[in-house]
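Asker: Next input, structure requested:
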Amino acid sequence: MKKVIFLAQVTLVVLIVLIALPSASFAQTTYMVDSKASSLIWHGEKVLGKHWGYVTIDNGWIKKDGDTYTGEFYIDMTSITDEDIEDPESRGKLVGHLKSDDFFSVNNYKMSKFKLTK
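Answerer: Sure, this is the predicted structure:
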């Protein structure tokens, strides 16, 4: 009886190793964000219309591990712009509103973190 249990344990260990080896053979690759060559477009909609603009990606990375992607991106919320409103005063009001405590509270949270987990 002990031989059968021991043999079953050895077989289980061998199977785990054989299953783990192919997944371990995938190379991990990490890509760093080039913040000068990258931009992030935001888009927002409301009942009476929509707006869009940019925020700057301060830094970040993305890692490919087999078929899985993970990463972190740090966004400079002080850089938020609006690109669809032509009137400078109206544009300034929207950007000020987005930076206010009603939305992103940029005075308190200058950087935003986006984390990719799967």
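
Asker: all strands for this structure, in order.
Answerer: Taking DSSP state E, the strands of the chain run over residues 28-32, 40-46, 49-65, 68-76, 111-116.

Asker: what lines up beside the first one in the sheet?
Answerer: Which is strand 28-32. Strand pairing for strand 28-32, using DSSP bridges, gives strand 49-65 (antiparallel).

Asker: ok, now which ones touch the closest residue to K99 other than its chain neighbours?
Answerer: Excluding its sequence neighbours, the residue lying closest to K99 (C-beta to C-beta, 6 or more residues apart in numbering) is V106, at 4.0 Å. Glycine gets a C-beta too; all of them are placed from N, C-alpha and C. Contacts for V106 (C-beta atoms under 8 Å, 6 or more residues apart in numbering) come out as 77-78, 80, 99-100.

Asker: how about JSON lines for those residues, with neighbour count, distance to T29 and pLDDT added?
Answerer: Listed next are the contacts of V106 as JSON lines, based on neighbours: other C-beta atoms under 10 Å; distance: C-beta to C-beta, whole Å; pLDDT from 0 to 100:
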{"residue": "M77", "neighbour count": "21", "distance to T29": "29", "pLDDT": "97"}
{"residue": "T78", "neighbour count": "15", "distance to T29": "32", "pLDDT": "97"}
{"residue": "I80", "neighbour count": "21", "distance to T29": "31", "pLDDT": "97"}
{"residue": "K99", "neighbour count": "17", "distance to T29": "36", "pLDDT": "97"}
{"residue": "S100", "neighbour count": "12", "distance to T29": "40", "pLDDT": "97"}
